[in-house]
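S.K.: Return atomic coordinates for the entry below.
(2 chains)
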Protein chains: 2
Amino acid sequence: MIGTDIEHLIKLLSRLPGFGPRSARRAVLHLLKNRESLMLPLSQGLGKAAEVIRECAICRNLDTTGPCSICANLRRDAALLCVVEDISDLWAIEKTGSFRGYYHVLGGTLSALDGISPDDISIPHLLERARNPAVKEVIIALNATIDGQTTAHYLADCLQPSGVKITQLAHGVPIGGQIDYMDDGTLSTALKSRKAV
Amino acid sequence: MIGTDIEHLIKLLSRLPGFGPRSARRAVLHLLKNRESLMLPLSQGLGKAAEVIRECAICRNLDTTGPCSICANLRRDAALLCVVEDISDLWAIEKTGSFRGYYHVLGGTLSALDGISPDDISIPHLLERARNPAVKEVIIALNATIDGQTTAHYLADCLQPSGVKITQLAHGVPIGGQIDYMDDGTLSTALKSRKAV
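M.R.: Numbers count the residues shown, from 1 in each chain, chains lettered A, B, ... in the order given. All right, here's what the predicted structure looks like:
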């Protein structure tokens, strides 16, 4: 006999990634106990963001401005173009503060199983951007998964004729990683790509 | 360089139980990708619930009506009063469908460490409700933790003089539980409370 308004909220929240029915119930209770400080600001924040945030026509990042604040920033390095699968990857790289070029969000990876072809993700637009003579290097920053690496190979093949430099993220043991916990694939890659000290 | 509106949302969401900064980022992206079907309904649902849901003056359950739909239901069994720590416990018991009495939400447990005394949680109100001659049995359904059981003992002592029957949830091996995974406390309790087949 939970009220229908509460049930409705629980159902909506349980559709968020990482939430199930039980954790959504806990979250709703937490929200109801913190109305002024959390529930109302969240309601307003969601409403406002849904209204003002749009996709950047250049890189497909999400922002309140169009083009997004990264593409609109002329002080970044136009020679570097970093290709990522999803906006979350862009955010992760941007958070490191160690990349000063521009981004291109594919919005997915090629997948024969799911029937995703180059035209379904933003590959034609990427090739067009890479033809800009200002772009000297395309950094392929796709996940080290089968789909990610298939897409990376395809992209490298497509970009080759344009003469632009093509690089991809280094693979190896992550910082803080323990060797006896690493999988065979990571360890052999790290061995093969070993560097002089 | 994530937009401030997005950053604000991530911060709010990461204050939900079970969410950290990373999962809140994922959730915000998921919301932005599902504006019409999830983000706007969630915004409206939160706003509406924050406005209409209030605490029941009798049992401290949350509902859109006052008294709540459980306390207002005259077809429930007034002889049974079930004491729980939190509304989430009330929801969990109510979901089983096997209890037809009324509830009393304490809103916490006694805790010498945190300085929580009987007057800080809804104990005086519980004793008042238990004095109602219609109440024949008080079921103490508190967590099987130290604080929960301390509170249960205290409640039993307070309720004794009123002559009402006092019971508490059975402790033992949970349904589906495997004996070799149980802790010593559960196993000894289950042994001590063994029942004739």
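S.K.: Give me the buried positions along stretch A:22-29.
M.R.: By neighbour count on 16 or more other C-beta atoms under 10 Å in any protein chain shown, the buried set for stretch A:22-29 is A:23-29. The way it works is simple: take the backbone N, C-alpha and C, and place the C-beta from them, glycine included.
S.K.: Give me the subset of these that also touch chain B.
M.R.: A:23, A:25-29 (C-beta under 8 Å from any C-beta of the partner chain).
S.K.: ok, the residue lying closest to A:Glu137 once chain neighbours are set aside - contacts?
M.R.: Spatial nearest neighbour of A:Glu137, chain neighbours left out: A:Lys165 (4.3 Å); criterion: C-beta to C-beta, 6 or more residues apart in numbering or on different chains. Residues in contact with A:Lys165 (C-beta atoms under 8 Å, 6 or more residues apart in numbering or on different chains) are A:136-138.
S.K.: does A:Ala152 sit in a helix, a strand or a coil?
M.R.: With DSSP: H, G, I helix; E, B strand; the rest coil as the basis, A:Ala152 sits in helix.
S.K.: wouldn't it be in contact with A:Leu142 here?
M.R.: Yes: at 4.9 Å, A:Ala152 and A:Leu142 qualify as touching, with contact defined as C-beta atoms under 8 Å.
S.K.: one step back: restricted to helices, list the ones next to chain B among the buried residues of stretch A:22-29.
M.R.: Using DSSP state H to define helices, the subset of those located there is A:23, A:25-29.
S.K.: Relative to A:Ile6, which of those is nearest.
M.R.: For those, the closest approach to A:Ile6 (C-beta to C-beta) belongs to A:Val28, at 6.1 Å.
S.K.: Report the contact partners of that closest one.
M.R.: A:Val28 neighbours (C-beta under 8 Å, 6+ apart): A:6, A:9-10, A:13, B:49.
S.K.: where are the low-confidence patches of chain A?
M.R.: For chain A, the stretches flagged by pLDDT under 70 are A:1-2.
S.K.: quick one, domains of it?
M.R.: Recorded structural domains for chain A (assignment: automatic domain parsing) are A:4-52, A:76-168.
S.K.: Just the terminal-to-terminal distance for the longest one.
M.R.: When the termini of domain A:76-168 are compared using C-alpha to C-alpha, to the nearest Å, they are 20 Å apart.
S.K.: Check the offset of it from the chain's centre.
M.R.: A distance of 11 Å separates the centroid of the chain from that of domain A:76-168, by C-alpha atoms, centre = their mean, to the nearest Å.
S.K.: same check, this time on the shortest one
M.R.: In terms of C-alpha atoms, centre = their mean, the gap separating the centre of domain A:4-52 from the centre of its chain is 24 Å.
S.K.: Next, count neighbours for A:His117.
M.R.: Just so we're on the same page, residue A:117 is Ser rather than His. By the measure other C-beta atoms under 10 Å in any protein chain shown, the count of residues near A:Ser117 is 10.
S.K.: For chain A, which segments are assigned as strands?
M.R.: A:54-55, A:62-63, A:80-84, A:102-105, A:137-140, A:165-168 (DSSP state E).
S.K.: Redo these as JSON lines? Include distance to A:Pro174.
M.R.: Output for the strands of chain A, formatted as JSON lines (distance: least, C-beta to C-beta, whole Å):
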{"stretch": "strand A:54-55", "distance to A:Pro174": "31"}
{"stretch": "strand A:62-63", "distance to A:Pro174": "27"}
{"stretch": "strand A:80-84", "distance to A:Pro174": "18"}
{"stretch": "strand A:102-105", "distance to A:Pro174": "22"}
{"stretch": "strand A:137-140", "distance to A:Pro174": "18"}
{"stretch": "strand A:165-168", "distance to A:Pro174": "16"}
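S.K.: ok, A:Thr109 touching A:Thr151?
M.R.: Yes: A:Thr109 is within contact range of A:Thr151, at 4.3 Å (criterion: C-beta under 8 Å).
S.K.: Give me the nearest residue to A:His171, chain neighbours excluded.
M.R.: Distances taken as C-beta to C-beta, 6+ apart place A:Thr189 nearest to A:His171, at 4.6 Å, with adjacent residues excluded.
S.K.: Against A:Thr109, how distant is that neighbour?
M.R.: To A:Thr109, A:Thr189 is 19 Å away according to C-beta to C-beta, to the nearest Å.
S.K.: between these two, who's got more neighbours?
M.R.: Each of A:Thr189 and A:Thr109 has its neighbours counted (other C-beta under 10 Å); A:Thr109 has more, 21 against 17.
S.K.: Test my guess that A:Tyr103 contacts A:Asp63.
M.R.: No: the pair A:Tyr103 and A:Asp63 fails to qualify as a contact (C-beta under 8 Å) at a distance of 11.6 Å.
S.K.: anything in contact with each of the two?
M.R.: Applying C-beta under 8 Å, 6+ apart, one finds that A:Tyr103 and A:Asp63 are jointly contacted by A:Ile70.
S.K.: Where do the helices of chain A begin and end?
M.R.: A:4-13, A:21-33, A:40-52, A:87-96, A:123-130, A:146-159, A:184-192.
S.K.: Pipe those into TSV and attach distance to B:His125 per row.
M.R.: Converted to TSV, the helices of chain A look like this (distance: least, C-beta to C-beta, whole Å):
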stretch	distance to B:His125
helix A:4-13	23
helix A:21-33	19
helix A:40-52	28
helix A:87-96	48
helix A:123-130	65
helix A:146-159	59
helix A:184-192	59
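S.K.: So for A:Leu81, which of those helices sits nearest?
M.R.: Nearest of the helices of chain A (C-beta to C-beta): helix A:123-130, 6.5 Å.
S.K.: still on that earlier bit, between the contacts of A:Val28, which is nearest B:Gly177?
M.R.: Nearest member of the contacts of A:Val28 to B:Gly177, counting by C-beta to C-beta, is A:Ile10, at 26.9 Å.
S.K.: who's in contact with the nearest residue to that closest one once chain neighbours are set aside?
M.R.: Leaving aside its chain neighbours, A:Ile10 sits nearest to A:Ala24 (4.8 Å; criterion: C-beta to C-beta, 6+ apart). Neighbouring residues of A:Ala24 by C-beta under 8 Å, 6+ apart: A:9-11, A:13-14, A:16.
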